[in-house]
Structures are given as structure tokens and as C-alpha cells.
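Trainee: heads up, no residue letters with this:
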């Protein structure tokens, strides 16, 4: 095992020997979601996010940061491959619950892992998404804490990741085709998400991760704590954003002050 892989596993706090099994895949994904936040802070610092695995590695593993989907999923796919898994990136189109429509193709990156004769959807970059690998397609729903997930086969080429609170009403999260793509494929949408006023990532800062029995999110001018069906929101002074980032996520952005003079509404 090379130094880069060891440093990544140390970042995850995962110290036991790893073989490419479903058990380790489950544990690695869930540990990643607890240890490495989904965050978009570089966009609000005016720092360009470049899809280069070395830069991403230095930021997330050595710099104790998080990232958004193109960063964290590309890095996690590299780790899984180094650990002996057969896996690749896929392109997804996210479903907008506000617009009730799928957004543009390539707006999200996820991972497919081939293991034990099955295909598994793996994702550490969707905020409040799946917490463990989900089979493609799924024969039954899988419960991750308070929510159910399942991959539905829409036709021979298209799949949809769906979520539900009761296994009756299902809501799409994103759709995809099981086709490998290279990291460079996402460059146009990576640029879009950093620059477009219509991108959710330019509108508000967010930093979120799993915690035992729930999730904690720092976004805009509030802290959101979710534990099963209980959602608690606490308003904060936006000038204290950096202090909460440090206290809740043990993150500092290389000495740069992340708080803008005014938070977008």
C-alpha cells in the first residue's frame, strides 16, 4: 500500500487491513461521510476548483478539507481502485424538487463498483444522500437511518436513485446511465457550478457531514441539526461562520476568512 493510500485511510480514521469486500465498501463509504464534509467554501473564497486529482488530494487529505461531488467522488474512486476494487465514475442528472424536472446531464458525479457479480452505486458527494452502497438495480429498498433508498431501472440503459420516507411515495434524486466517464468529462459543469448565478453552489455556503444518528449542516446564517425526524435550526451571526466551521468541523481554510460581508438571500 503506497503512502498516498495510507494517508487517505488515516484521514478517514480507517486503520484495519482492507480487502475488496462489501463489508469494507460499506464501512469506507459511511466513514467517509462522517469524516470528510460535503462543502463548497472555495467557491465563496474566489478560489478556482480544478479537476486535478493531485490538487484535490492535497486539499482534502493533506489540507483537512471537504469538497463537492466532483472532488470527493473522484478522490474516493481513486482510493477504492488503489484498494483493489473495480470501479469507475458515472455522470448523473440531478432531480430538482422545486422545478420537478431533471437538471442538465453531468451536474453530478457518482461511482459504480463491480463486486461479487453485482453493481453498486457509491456516492460520498451528494449531501443528504445514500450512506452505504446501493445495488443497481435494487430488488428491494434499503434503509439508511430514517430514509429508504432504491435504484430503479427505468429502461435497459437508464437508472434512477430514488428516496422515500415510507416506501410508498418515491422521489427521484438523480438519474444516470451505467457508462464509465473520465474526470475531465465534468469540467464544463464544474465551471458552471462555480460561476453561474443559477448554480446552488454560488448562492450559499454549505458544509455538512454525518454525525452519530444524524447530520449537522452549517449553511448561510444557520446551523441545522437533523436526528431522525427531528430537525433543529439555530440562527447564527454570519460573522461567526468561521468559528462554527472550526468548532463543528475542525476546519480552517488556510487562514483565509471565509465570511463575506453579506450572505446572499
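Mentor: Perfect, I can see it now. The structure displayed is predicted, hence computed values, not measured ones.
Trainee: With adjacent residues omitted, what lies nearest to residue 33?
Mentor: Nearest non-adjacent residue to residue 33, counting by Cβ to Cβ, 6 or more residues apart in numbering: residue 210, 4.5 Å away. The way it works is simple: take the backbone N, C-alpha and C, and place the C-beta from them, glycine included.
Trainee: what sits against the one you found?
Mentor: Listed by Cβ atoms under 8 Å, 6 or more residues apart in numbering, the contact set of residue 210 reads 30, 33, 34, 131.
Trainee: how much space between the third one and residue 13?
Mentor: Distance of residue 34 to residue 13, computed by Cβ to Cβ, to the nearest Å: 9 Å.
Trainee: Quick check on these two: which one has the bigger neighbour count.
Mentor: More crowded of residue 34 and residue 13, by other Cβ atoms under 10 Å: residue 34, with 16 against 9.
Trainee: quick one: secondary structure of the more buried one?
Mentor: Recorded secondary structure, residue 34: helix (DSSP: H, G, I helix; E, B strand; the rest coil).
Trainee: Name the nearest residue to it, sequence neighbours excluded.
Mentor: Closest to residue 34 by Cβ to Cβ, 6+ apart is residue 210, at 4.7 Å.
Trainee: Could you give me the buried positions within the top strand by length along the chain?
Mentor: Counting residues, the longest strand in the chain under DSSP state E turns out to be strand 86-96. For strand 86-96, a neighbour-count test (16 or more other Cβ atoms under 10 Å) marks 87, 88, 89, 90, 91, 92, 93, 94, 95 as buried.
Trainee: just to revisit the earlier point, roughly how far apart are the residue nearest to residue 33 and residue 10?
Mentor: Residue 210 is 19 Å from residue 10, by Cβ to Cβ.
Trainee: And residue 144, by the same measure?
Mentor: 26 Å.
Trainee: Which one of those two is surrounded by more residues?
Mentor: Applying other Cβ under 10 Å to residue 144 and residue 10 shows that residue 144 carries more neighbours, namely 16 against 11.
Trainee: which residues sit in contact with that one?
Mentor: With contact taken as Cβ under 8 Å, 6+ apart, residue 144 is in contact with 130, 131, 132.
Trainee: And for residue 173, nearest residue in space, chain neighbours not counted?
Mentor: Once chain neighbours are set aside, the closest to residue 173 by Cβ to Cβ, 6+ apart is residue 161, at 4.5 Å.
Trainee: ok so, going back, got JSON lines for the buried residues of strand 86-96, with distance to residue 112 too?
Mentor: Putting those into JSON lines (distance: Cβ to Cβ, whole Å) gives the following:
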{"residue": "87", "distance to residue 112": "6"}
{"residue": "88", "distance to residue 112": "6"}
{"residue": "89", "distance to residue 112": "8"}
{"residue": "90", "distance to residue 112": "5"}
{"residue": "91", "distance to residue 112": "11"}
{"residue": "92", "distance to residue 112": "11"}
{"residue": "93", "distance to residue 112": "16"}
{"residue": "94", "distance to residue 112": "17"}
{"residue": "95", "distance to residue 112": "19"}
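Trainee: Nearest to residue 5 among these?
Mentor: residue 87 (14.4 Å; Cβ to Cβ).
Trainee: So the closest one is in contact with residue 77, correct?
Mentor: Yes - the criterion here is Cβ atoms under 8 Å, and residue 87 meets it with residue 77 at 5.6 Å.
Trainee: Count the neighbours of residue 241 for me.
Mentor: Residue 241 has 23 nearby residues by other Cβ under 10 Å.
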